[in-house]
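Asker: Fold the following.
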Amino acid sequence: MSVVLHSVALIVLTLCPCLHAGKHSVPTFLHRVGESGDLQDVNHPSFKAHLQHAFAGKDVTSSISGSIHVSSYMVSSGDDVVVSWEGVAEPSAGDWIGIYCPPQSEENDYLDFMPVNVSSSWAKGSGSFPAKLFNMRDSYQFRYYQLRKGQHAAAAISKVVEVQPHEPTGGRLSLGDEQDTMVLMWTTDSKDDLIVEYCTKLDFPQFKVVPADQISTAKYSADQMCGPPATTVSATTYRDPGFQVTANMRNLSLETVYFYRYGTKGYPLKTTGQFRTRGGEPRTSRFLAFADFGVHYRPYVWQQPGAPMIGEILANVTQKSSVDAIIHFGDLSYGVGHGYIWDQWNWLVSQSAMYTPYMIGVGNHEYDHAVAAPGGVDISGTKGLGFRPSWANFHNDAMGECGVPTFYRFKMPSKHCDGNSVFWYSFEVNNVRFVMMSSEHDYSPGSIQYKWLEQVLASTDRTAFPWLIVSLHRPMYSNESDSESDNIVANHERELFEGLIVQYKVNLMFSGHYHSYMRSCPVVNGKCQRAGTAPVHIVVG
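Answerer: Next up is the predicted model:
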């Protein structure tokens, strides 16, 4: 039988040029930058510099001389507002405005702050700055502080800024275990009266409703994770993540465009989503592939220069053309124990993930931990600290998250060959099989993941799936030379399972970790081979 090898169109996106995947700064909520343009890190001691002085007390109002105004007192996730102030007596360049969420937070538990001297008119006791707010299921308040007699005293306090109740935020699609199933996830503040409606006509003349038994909710807590800062409850670290909703749209027609809306009954539904199902006649498959994203939305700051640009590209491509799936193989939000980052990142990717299935893998910044999970077994089912061979540079890169937020925020199709949720699984689109591995878990011969990988590769019908693509976060091949420890890991990947991907004629292998783009020749054991006889390795981070 002849096999028609339909093409695979891949757009690979790299966020920043040739930077090593080391420790990353965590943007503050407002994504502040310094005078030199450097990202301000929420973990830098300067973020808590105000705590060197006591506060007069949040209920002390005798020091108030001015007022703070916000351009809108009801916001949806991702809304831009302008914060302005006026009438402040005796302003100083050291004055600052704290953002508090929830409004009843103690003075020292601010979500972020803005120095008043960002505004050119601060010396007149007035000024303004822009802010992007997100629905984190709590209201906001802004407070202007001055240092008086060794204490921070409030010179102005804003009215409470409310967030839309029951707003469905961070909508994201993923492929289901069955070809005729699409999974929709979102985040909201309640688990009651949830609804998903879908149809093939945009005006919803005849829509179907997802049955209640196909909608589920889950929420993760600080005590499920593996250490600080992820286990520390505060405005900037662990905060209530809301309910993660999963809805299964089943029995869909193949190769069909669907429109859908979702949310809470009695409240405005999110109506911007649409998708195309899999199946039908063989055709060219189109994917967007990358790793290492993050949230920083001020362009050209070196830590994460591409987040806004990549988010815009993803949204434009997925909303205006036909893309079968987005493949993101690890290092997703770089939340690393800071809950607000996950809300910001889910909002950013939802602009594309509401139109195209967003298929993810785990990287070191989702999983690696230095403290064992409660009970000694983490969310992936791994005991203790997980895969820690003597040659590996696996540390505490997830800062205590140990995969928990990733596990709850995404549902991947893992039934085939008994995959392991978001950690390792496989899926098919048209004539392509994708195999998503975890470079953070044991892949040595005899391990659970190795046996699973061998079973998936061996069971792949190459007539039905002439394209076989494997991805994992850490690369097996790269030309980076500035990290000997990463090169040692790559060498061991080749030693431990390169034989499998060669034996089963894998076409492509995707990885990230390095924030750059690299592509190999067809290669085995470090030596180039004839085209079509060995996997090509692509690094895109």
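Asker: CA atoms for contacts and neighbours, from now on please.
Answerer: Will do.
Asker: Any stretches of the chain with poor pLDDT?
Answerer: By pLDDT under 70, the low-scoring segments of the chain are 1-23, 58-61, 204, 297-306, 481-482.
Asker: Would you map the strands across the stretch 51-200 of the chain?
Answerer: Per DSSP state E, counting those that start in this stretch, the stretch 51-200 of the chain has strands spanning 54-55, 67-70, 74-75, 79-86, 96-100, 112-115, 127-133, 141-148, 151-157, 162-163, 169-175, 182-188, 194-199. These are given in chain order.
Asker: The fifth one pairs with which strands, parallel or anti?
Answerer: By that I understand strand 96-100. The strands beside strand 96-100 in its sheet (DSSP bridges) come out as strand 112-115 (antiparallel), strand 141-148 (antiparallel).
Asker: again with the second one
Answerer: Under the criterion DSSP bridges, strand 67-70 sits next to strand 79-86 (antiparallel) in its sheet.
Asker: and what of the last one?
Answerer: As defined by DSSP bridges, the strand partners of strand 194-199 come to strand 208-209 (antiparallel), strand 257-264 (antiparallel).
Asker: okay, the strands paired with strand 96-100, which one's buried deepest?
Answerer: Across the strands paired with strand 96-100, the average number of neighbours (mean count of other C-alpha atoms under 10 Å) peaks for strand 141-148, which reaches a mean of 22.
Asker: starting at the chain centroid, how far to that strand?
Answerer: With C-alpha atoms, centre = their mean, to the nearest Å as the basis, the distance from the averaged C-alpha position of strand 141-148 to the chain average is 33 Å.
Asker: CA-only coordinates of that strand in CSV, if you can.
Answerer: Only the C-alpha atoms of strand 141-148 are listed here, as CSV (Å, rounded to 0.1, in the frame of the first residue of the first chain):
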residue,chain,number,x,y,z
GLN,A,141,-7.4,49.3,46.1
PHE,A,142,-4.6,51.9,45.6
ARG,A,143,-3.0,53.7,48.5
TYR,A,144,-0.6,56.7,48.4
TYR,A,145,2.1,56.5,51.2
GLN,A,146,4.5,59.1,52.5
LEU,A,147,7.3,58.6,55.1
ARG,A,148,6.5,60.7,58.1
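Asker: which residue ranges form the helices in this protein?
Answerer: Counting by DSSP state H, the chain has helices at residues 307-320, 339-353, 364-367, 404-409, 448-458, 484-503.
Asker: returning to what we had before: in a markdown table: the strands paired with strand 96-100, plus distance to Arg474.
Answerer: Converted to a markdown table, those look like this (distance: least, C-alpha to C-alpha, whole Å):
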| stretch | distance to Arg474 |
| --- | --- |
| strand 112-115 | 33 |
| strand 141-148 | 42 |
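Asker: right, and the ones you listed - which one's nearest Asn364?
Answerer: The minimum distance between Asn364 and the strands paired with strand 96-100 falls on strand 112-115, with 26.5 Å, by C-alpha to C-alpha.
Asker: What residues does the residue most central in space within the chain make contact with?
Answerer: Against the mean C-alpha coordinate of the chain, by C-alpha atoms, centre = their mean, the closest residue is Ser333 at 3.4 Å. Contacts for Ser333 (C-alpha atoms under 8 Å, 6 or more residues apart in numbering) come out as Phe293, Gly294, Val295, Ile341, Trp342, Trp345.
Asker: Val317: which of the residues you listed is nearest?
Answerer: Looking at the contacts of Ser333 and their distance to Val317, the nearest is Phe293, at 16.8 Å (C-alpha to C-alpha).
Asker: Out of the strands paired with strand 194-199, which is closest to Val233?
Answerer: Evaluated with C-alpha to C-alpha, the strands paired with strand 194-199 place strand 257-264 nearest to Val233, the distance being 27.8 Å.
Asker: so who does Tyr336 touch?
Answerer: No, residue 336 isn't Tyr; it's Val. By C-alpha under 8 Å, 6+ apart, the contact list for Val336 reads Pro229, Ala230, His365, Glu366, Asp397, Ala398, Met399, Gly400, Glu401.
Asker: ok, now with 6 Å
Answerer: For Val336, the contact set (C-alpha atoms under 6 Å, 6 or more residues apart in numbering) comprises Ala398, Met399.
Asker: coming back round to it: using CSV, please lay out the helices of the chain together with distance to Ser380.
Answerer: As requested, these are arranged in CSV below (distance: least, C-alpha to C-alpha, whole Å):
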stretch, distance to Ser380
helix 307-320, 28
helix 339-353, 19
helix 364-367, 9
helix 404-409, 8
helix 448-458, 11
helix 484-503, 21
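Asker: Pick the most deeply packed of the ones you listed.
Answerer: Among the helices of the chain, judged by mean count of other C-alpha under 10 Å, the one packed with the most neighbours on average is helix 364-367 (a mean of 29).
Asker: quick one: that one to chain centroid distance?
Answerer: Mean-position distance between helix 364-367 and its chain equals 11 Å (C-alpha atoms, centre = their mean).
Asker: one step back: to Ala534, which of the strands paired with strand 194-199 lies closest?
Answerer: Closest to Ala534 of the strands paired with strand 194-199 is strand 257-264 (C-alpha to C-alpha; 36.4 Å).
Asker: Next, the angle from the closest one to strand 182-188.
Answerer: With axes from the mean of the first three to the mean of the last three C-alpha atoms, to 10 degrees as the criterion, the two stretches strand 257-264 and strand 182-188 enclose an angle of 30 degrees.
Asker: Format the contacts of Ser333 as a markdown table; extra columns: distance to Lys451.
Answerer: A markdown table is the format used below for these (distance: C-alpha to C-alpha, whole Å):
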| residue | distance to Lys451 |
| --- | --- |
| Phe293 | 30 |
| Gly294 | 32 |
| Val295 | 35 |
| Ile341 | 35 |
| Trp342 | 33 |
| Trp345 | 34 |
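Asker: which one of those residues sits closest to Val118?
Answerer: Nearest to Val118 among the contacts of Ser333: Val295, at 22.2 Å, using C-alpha to C-alpha.
Asker: Contact partners for that closest one?
Answerer: The neighbourhood of Val295, defined by C-alpha under 6 Å, 6+ apart, consists of Ala307, Trp345.
Asker: i'd like the first residue to be 280 from this point on
Answerer: Noted, 280 is the first residue going forward, which turns the last one into Val574.
Asker: Tell me if I'm right that Val442 and Val354 touch.
Answerer: Yes: at 4.9 Å, Val442 and Val354 qualify as touching, with contact defined as C-alpha atoms under 6 Å.
Asker: Just give the closest residue to Phe538, not the sequence neighbours.
Answerer: Nearest non-adjacent residue to Phe538, counting by C-alpha to C-alpha, 6 or more residues apart in numbering: Gln553, 4.3 Å away.
Asker: gap between the one you found and Tyr537?
Answerer: The gap separating Gln553 from Tyr537 is 5 Å, by C-alpha to C-alpha, to the nearest Å.
Asker: Ok, Cys681 next?
Answerer: 35 Å.
Asker: Of the two, which one has the most company?
Answerer: With neighbours defined as other C-alpha atoms under 10 Å, Cys681 and Tyr537 compare such that Cys681 has more, 33 against 18.
Asker: for that one, phi and psi?
Answerer: phi 40, psi 40 (degrees, to the nearest 10).
Asker: same deal with Ile343?
Answerer: Ile343 has phi and psi values of phi -70, psi 130 when expressed as degrees, to the nearest 10.
Asker: Test my guess that it contacts Ala432.
Answerer: No: counting by C-alpha under 6 Å, Ile343 does not reach Ala432; the two are 8.1 Å apart.
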